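Asks: let me see the structure of the following:
(one chain, ligands or ions: 1)
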Amino acid sequence: MREQNEQRSTTNEQRLLTNKPESKFTTFDSNTLFFSQTSLPLSKANKSQQQMKQEVHILLGCADARDLNQVQIDTTREFIKKYKEKGIHIEMRVIRIAGSFASREAINDIKRTIEINQRETYGNFDKTEYYIHIQTHGHLDDQSNKDYISHIYEMNIVPGSPLNCGMLEAASVGIEIEQMLLEERPLVETPRGVFRVDTDEDIQRLLKDVYAHEGYLAGDWIRSIDKLRTHPRLQKSVLEQVIRTDPAMSRLNIKITAGIQDYSIHGLIRLDNGVPKAPFWDDVQREIRKRSEKKKGDLSMQSQKQKPLAGLVSLSDPQLSSRSLAAQYYFDLKGLENNGAYLANTVFNISGSGFDLPYAPFGPYANAGFFYGVAHLNLTDQMVMGYDEEQTERMIKKISKDPIMALTVKKYNVNLIPINQKTLLEKYDRVAEEAAEVF
Ligand SMILES: [Zn+2]
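Replies: Down below sits the predicted model:
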């Protein structure tokens, strides 16, 4: 069974690769922000590209609906273009996990992303560098030093601010999930047998047999953010340690930054003293801050309490699913008027590169984030978005096979809305590279 599943995963990954809209990305002109040489055999690789350096930037960000705004998207796109002219090809990936935890699910995602990139772009570039940006969000008080590079002792978080990450209370969400399990008493099927969740021990059995976690759920499998200021640094250390001891990653050039995004100033603050240097990322973030100053009115939604209209479960590759397309679809579906606000702010988004592996369960923070969106933000409409119909189907299957997520769907009458990038691109007459949000 297990072997079969593994085999299936590989096939899925391959399918995921071949699902890419290759023909659209093999051109390499100045108007194309994204390109991929997936379909080109090595011998045909573009000469000029071979002399280019590649940088893969992976953002580990929060599911929060406010975690993305139009200034960020526009600025990042422009800098991708500028860097291309300098001979540096930038790829962006985003993993959205409630609370931006470097949990096992996030680590697997990062690893998978790096592996896929190695397979896809082998021989295409002179050199590849990987950057992982761990980013939390919180509201700093007026006395805080909000310089781009700042130190945590010079900062203070406004207690209880709605701009702080909701996952400061993640363990409470965990307690609510435990309560749901004990009240709803779901029947769980595992390779080691079928049982009903009735007691605390059953919850532990569920965690062990399905999620490969030994221990308790609340406060253990799902932990709260301890301190917003130290959280991204801690996640950075966790990741660094994993990379150091993993032979598949230790030889790669991987750099990790840690930052906190303050929605009240629409700016990122690096909490790692600016080490390691990340020129592309730093240029983009500094520029976003500068532009946001002038655009405060347009960005007001980012500094308000998050009030998303729907949830979105998607993939971390912006070529395969896009938050803005999903938001556009949702507005049309509900006949809502777009008042000019940035649509993506209306969506609470969890994403991962393995979200289409139907028999692998979701991790703790995907589950906590999904539950939080449904139970606390009342997002009973949840869009599920893969690249095409098949991929979306596998994602829906994964939700139905994950006992906690399936129970959340059942208990709260969640309406899973299957959508796919391919159909929406056609519907809105857009090409992927325009629709892609960069991050
Ligand atoms: Zn958050």
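Asks: mind checking which helix or strand residue 311 is in?
Replies: Using DSSP states H and E, residue 311 falls within strand 310-314.
Asks: quick one: residues in contact with the first helix or strand past that strand going along the chain.
Replies: Next along the chain after strand 310-314, taking DSSP H and E as the criterion, comes helix 323-334. Helix 323-334 is contacted from outside by 68, 309-310, 312, 314, 336-338, 343-344, 346-347, 349, 381, 383, 385, 417, 419, 421, 424-425, 427-428, 430, 435, 437, using C-beta atoms under 8 Å, 6 or more residues apart in numbering. All C-beta spots, glycine's among them, are computed from the backbone N, C-alpha and C.
Asks: sketch out the low-pLDDT regions of the protein for me.
Replies: Within the chain, the stretches with pLDDT under 70 are 1-50, 296-303, 339-345, 431-439.
Asks: only the buried subset of the contacts of helix 323-334, as a ChimeraX command please.
Replies: Selection command for ChimeraX covering only the buried members of those, criterion 16 or more other C-beta atoms under 10 Å:
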select :68,309,310,312,314,343,344,346,347,349,381,383,385,417,419,421,424,425,430,435,437
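Asks: out of the contacts of helix 323-334, which are inside strands?
Replies: 310, 312, 314, 347, 349, 381, 383, 385, 417, 419 (DSSP state E).
Asks: wait, the fourth one touches residue 312, no?
Replies: Spelled out, it's residue 347. Yes: Residue 347 lies in contact with residue 312 (C-beta atoms under 8 Å); the separation is 4.7 Å.
Asks: overlap in contacts of these two?
Replies: With C-beta under 8 Å, 6+ apart as the test, residue 347 and residue 312 both reach 323, 326-327, 383.
Asks: so how far is residue 95 from the residue of the stretch 1-150 of the chain at minimum distance from the ion?
Replies: Distances between the stretch 1-150 of the chain and the ion by C-beta to the ion are smallest at residue 62, namely 3.3 Å. Counting by C-beta to C-beta, to the nearest Å, the separation of residue 62 from residue 95 is 10 Å.
Asks: residue 416: how many residues sit nearby?
Replies: 17 (other C-beta atoms under 10 Å).
Asks: just residue 304 next, same as before
Replies: Around residue 304 there are 12 residues (other C-beta under 10 Å).
Asks: cool, residue 266 as well?
Replies: 23.
Asks: ok, it touching residue 288?
Replies: Yes: between residue 266 and residue 288 there is a contact under C-beta under 8 Å: 7.1 Å.
Asks: give me the common contacts of those two.
Replies: When contacts are counted by C-beta under 8 Å, 6+ apart, residue 266 and residue 288 are jointly contacted by residue 71.
Asks: ok, which residues in the stretch 101-250 of the chain are in contact with the ion?
Replies: Contact residues, the stretch 101-250 of the chain versus the ion (C-beta under 5 Å from the ion): residue 165.
Asks: so how far is residue 153 from residue 51?
Replies: On the measure of C-beta to C-beta, residue 51 and residue 153 end up 45 Å apart.
Asks: settle it for me: which of the two has more neighbours?
Replies: Between residue 51 and residue 153, counted using other C-beta under 10 Å, residue 51 has the larger neighbour count: 11 against 8.
Asks: contacting residues for the more buried one?
Replies: Contacts of residue 51 (C-beta under 8 Å, 6+ apart): 87, 126.
Asks: circling back to that earlier point, how big is the angle separating the strand holding residue 311 from strand 381-386?
Replies: Here strand 310-314 points in a direction 20 degrees away from that of strand 381-386 (axes from the mean of the first three to the mean of the last three C-alpha atoms, to 10 degrees).
Asks: for strand 310-314, packing partners?
Replies: Here strand 310-314 touches helix 323-334, strand 347-351, helix 364-375, strand 381-386, going by 3 or more C-beta pairs under 8 Å, 6 or more residues apart in numbering; DSSP states H and E.
Asks: so residue 271 is in contact with residue 148, correct?
Replies: No: when contacts are counted by C-beta under 8 Å, residue 271 is not listed as touching residue 148 (10.8 Å).
Asks: more neighbours, these two?
Replies: Using other C-beta under 10 Å as the criterion, residue 271 and residue 148 rank with residue 271 on top: 25 against 14.
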